[in-house]
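Participant: sequence and predicted structure below; questions after.
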Amino acid sequence: MAGELQTVATYRYPIQAQPAKAQLEAQGIECFLADMETVYTNTFLTNAVAG
């Protein structure tokens with residue numbers, strides 16, 4: 001399974017996802033938040049990008 005992307009959780013707003021991201025990184029798990037810039041730039045697109 002190495003190299004495959006897995007969705008662990010979804011959040012409506014990036015600020016809600018930051019603690020989860022920090023927890024994963026603290027455990028040595030590489031992760032990223034998809035569409036974070038899109039949601040920050042235009043909050044009306046939150047639902048469109050499955051936020």
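Facilitator: Structure's in. What do you need?
Participant: by mean pLDDT, which helix or strand of the protein comes out lowest?
Facilitator: Within the chain, no helix or strand scores below helix 36-41, which has a mean of 64 by mean pLDDT, DSSP states H and E.
Participant: and the helices in the protein?
Facilitator: 14-26, 36-41 (DSSP state H).
Participant: what is the first one packed up against?
Facilitator: Yep, that's helix 14-26 we're talking about. helix 36-41 (3 or more Cβ pairs under 8 Å, 6 or more residues apart in numbering; DSSP states H and E). Every residue, glycine included, has its C-beta placed from N, CA and C.
Participant: where does the protein dip in pLDDT?
Facilitator: 1-2, 36-51 (pLDDT under 70).
Participant: let's see that with 80 instead.
Facilitator: 1-3, 12-14, 34-51 (pLDDT under 80).
Participant: residues in contact with stretch 17-30?
Facilitator: The contact list for stretch 17-30, computed with Cβ atoms under 8 Å, 6 or more residues apart in numbering, reads V8, A9, Y11, C31, F32, L33, M36.
Participant: could you dump those to CSV with neighbour count and distance to Q23?
Facilitator: Shown next, in CSV, are the contacts of stretch 17-30 (neighbours: other Cβ atoms under 10 Å; distance: Cβ to Cβ, whole Å):
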residue, neighbour count, distance to Q23
V8, 10, 10
A9, 9, 11
Y11, 17, 13
C31, 15, 9
F32, 9, 14
L33, 13, 13
M36, 18, 17
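Participant: reformat those residues as JSON lines; add distance to A17.
Facilitator: Formatted as JSON lines, these follow (distance: Cβ to Cβ, whole Å):
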{"residue": "V8", "distance to A17": "10"}
{"residue": "A9", "distance to A17": "7"}
{"residue": "Y11", "distance to A17": "4"}
{"residue": "C31", "distance to A17": "10"}
{"residue": "F32", "distance to A17": "10"}
{"residue": "L33", "distance to A17": "5"}
{"residue": "M36", "distance to A17": "8"}
